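Novice: coordinates for the following, if possible.
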Amino acid sequence: MKKRGIAIVSFLSLIISGCSDKCIEGKQPVPASFFVEIIDATSEENVFTNETFSANDITVTDVIGTEIPFEFIEEVNIIHLLPKTTIDARNIDLKITLNNQTTLIEEEVNVKYNVESKVEECYTSFEFTNILFPENDSQYEEGVFIVKI
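Specialist: Residues are numbered from 1 along each chain as shown. Below is the predicted model:
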């Protein structure tokens, strides 16, 4: 009887593991994000490289003032924006505010974008599309939006 119980448990384990849906536990999609470099429109210098602003001068908010997560990448002086995504959405607005308290210089960069979802086998991934900077000249180079202020 004991051998039969072990055989049944082994058989069930084999069936359960053999019927895997190819999903790896804990496997998650890469969070949607995008990179922004802000440069001076006149000198075309990065505003963090020329010390007009510092990483401490940055805030990113949505239309109701909720702070949006971001990382400042010091090695290249760019902002990595990480807005949360849970649904498809159109015309989302964000505002990047640069505020140097010492020099009293303040600049705002408005961002509009869409969120699109893609249903994968194990999860739903999101991506940002149609990223625009309506009040600023901008271009997209090598994965980074370069925005002039």
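
Novice: which parts of this structure are strands?
Specialist: Listed in chain order, the strands of the chain (DSSP state E) span 34-39, 58-62, 70-73, 78-81, 89-100, 105-119, 124-132, 138-141, 144-148.

Novice: could the ones you listed go into CSV alongside mean pLDDT, mean neighbour count and distance to N46?
Specialist: C-beta coordinates here come from the backbone N, C-alpha and C atoms, glycine included. CSV is the format used below for these (pLDDT from 0 to 100; neighbours: other Cβ atoms under 10 Å; distance: least, Cβ to Cβ, whole Å):
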stretch, mean pLDDT, mean neighbour count, distance to N46
strand 34-39, 98, 20, 5
strand 58-62, 97, 16, 13
strand 70-73, 98, 16, 12
strand 78-81, 98, 20, 8
strand 89-100, 96, 15, 12
strand 105-119, 96, 16, 13
strand 124-132, 94, 15, 19
strand 138-141, 98, 12, 13
strand 144-148, 98, 19, 9
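
Novice: and of the ones you listed, who's closest to N50?
Specialist: strand 34-39 (9.1 Å; Cβ to Cβ).

Novice: packing partners of that closest one?
Specialist: strand 78-81, strand 89-100, strand 105-119, strand 144-148 (3 or more Cβ pairs under 8 Å, 6 or more residues apart in numbering; DSSP states H and E).

Novice: thinking again about what came up before, distance to T49 for the strands of the chain - can I get that in a markdown table?
Specialist: Putting the strands of the chain into a markdown table (distance: least, Cβ to Cβ, whole Å) gives the following:
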| stretch | distance to T49 |
| --- | --- |
| strand 34-39 | 9 |
| strand 58-62 | 14 |
| strand 70-73 | 12 |
| strand 78-81 | 10 |
| strand 89-100 | 13 |
| strand 105-119 | 15 |
| strand 124-132 | 23 |
| strand 138-141 | 16 |
| strand 144-148 | 13 |
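
Novice: next up, the contacts around the residue nearest to F126 when sequence neighbours are not counted.
Specialist: Nearest residue to F126 in three dimensions, chain neighbours excluded: T85, at 3.9 Å (Cβ to Cβ, 6 or more residues apart in numbering). T85 is in contact with P31, A32, V115, S117, F126, F128, counting by Cβ atoms under 8 Å, 6 or more residues apart in numbering.
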